[in-house]
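K.L.:
for reference, the sequence and a predicted model appear below.
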Amino acid sequence: MKRNVSLEEISDGRLYSRNDMVRADCGGCKGCSDCCHGMGESVILDPYDAWRLSGGLGVPFAALLEQKLELHVVDGIILPNLKMDPKTDACGFLNEEGRCSIHGFRPGVCRLFPLGRYYSEEAGKKEFHYFLQIHECPMPNKTKVKVNRWVDTPDLARYETYVTRWHYFLDAVEKKLPGMEEEQARNANLLILKLFFLKEYEPEDFYGQFETRMQIAEEAFE
């Protein structure tokens, strides 16, 4: 989800890499679950999230869409997101104690928080850096933690390459959609949804499976 704001408005003005220290550690949140409430449709899932959630819960992703997830349009593209409970406005995966019941395989957006990603493209190089959102988390006295420890994702360098690839693929599709007929745009969205989310992944080697699917998608959008 793109945000039309300046970094000066929402961050400490710095960009971070995976090996930098950042003041983001909330000390286990200590009973706070503010970031799990009132998120609306903002916790958008990517294919790695789908693979990780489905594997962690032992449930096909299509079944999760009937329960704890939902679909909505993000920058013209239909994508899944975590669904808030209509009664409590809390994430559907929050347990009775106010703790995350999927913490070990929570989505990338949740792993980042209160960090965000700032994408840039210079001299043909596409990449992103992390930034610290200073107005989002109310927990005081945060301590410094290394970014790669905070994000807590295996083989983080490979994951970052994947995240960048997925982001710029969606960006390219978004630019193509306005030039498509309504039925073409619908079919394009269905292709992305079926290929990257509804088609089940094998338990091992997500990145290899993703690359195979990406090649199919890129050929379809040429």
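P.N.:
Right, received. Where do you want to start?
K.L.:
in three-state terms, label Glu136 for me.
P.N.:
coil (DSSP: H, G, I helix; E, B strand; the rest coil).
K.L.:
could you double-check that it sits in contact with Phe113?
P.N.:
Yes. Using Cβ atoms under 8 Å, Glu136 is in contact with Phe113, at 7.1 Å. Just so you know, the C-beta spots here come from the backbone N, C-alpha and C atoms, and that holds for glycine as well.
K.L.:
the more surrounded of those two?
P.N.:
Phe113 (19 against 13; other Cβ atoms under 10 Å).
K.L.:
contacts only, for that one.
P.N.:
35, 133, 136-137 (Cβ atoms under 8 Å, 6 or more residues apart in numbering).
K.L.:
now for Glu136 and Phe113: what residues contact both?
P.N.:
Common neighbours of Glu136 and Phe113 (Cβ under 8 Å, 6+ apart) are Cys35.
K.L.:
which one is Asp12 nearest to, not counting chain neighbours?
P.N.:
Nearest residue to Asp12 in three dimensions, chain neighbours excluded: Leu132, at 5.1 Å (Cβ to Cβ, 6 or more residues apart in numbering).
K.L.:
who does the helix or strand in which that neighbour is found touch, helix- and strand-wise?
P.N.:
Assigned by DSSP states H and E, Leu132 belongs to strand 125-132. Using 3 or more Cβ pairs under 8 Å, 6 or more residues apart in numbering; DSSP states H and E, the elements in contact with strand 125-132 are strand 21-25, strand 115-122, helix 156-176.
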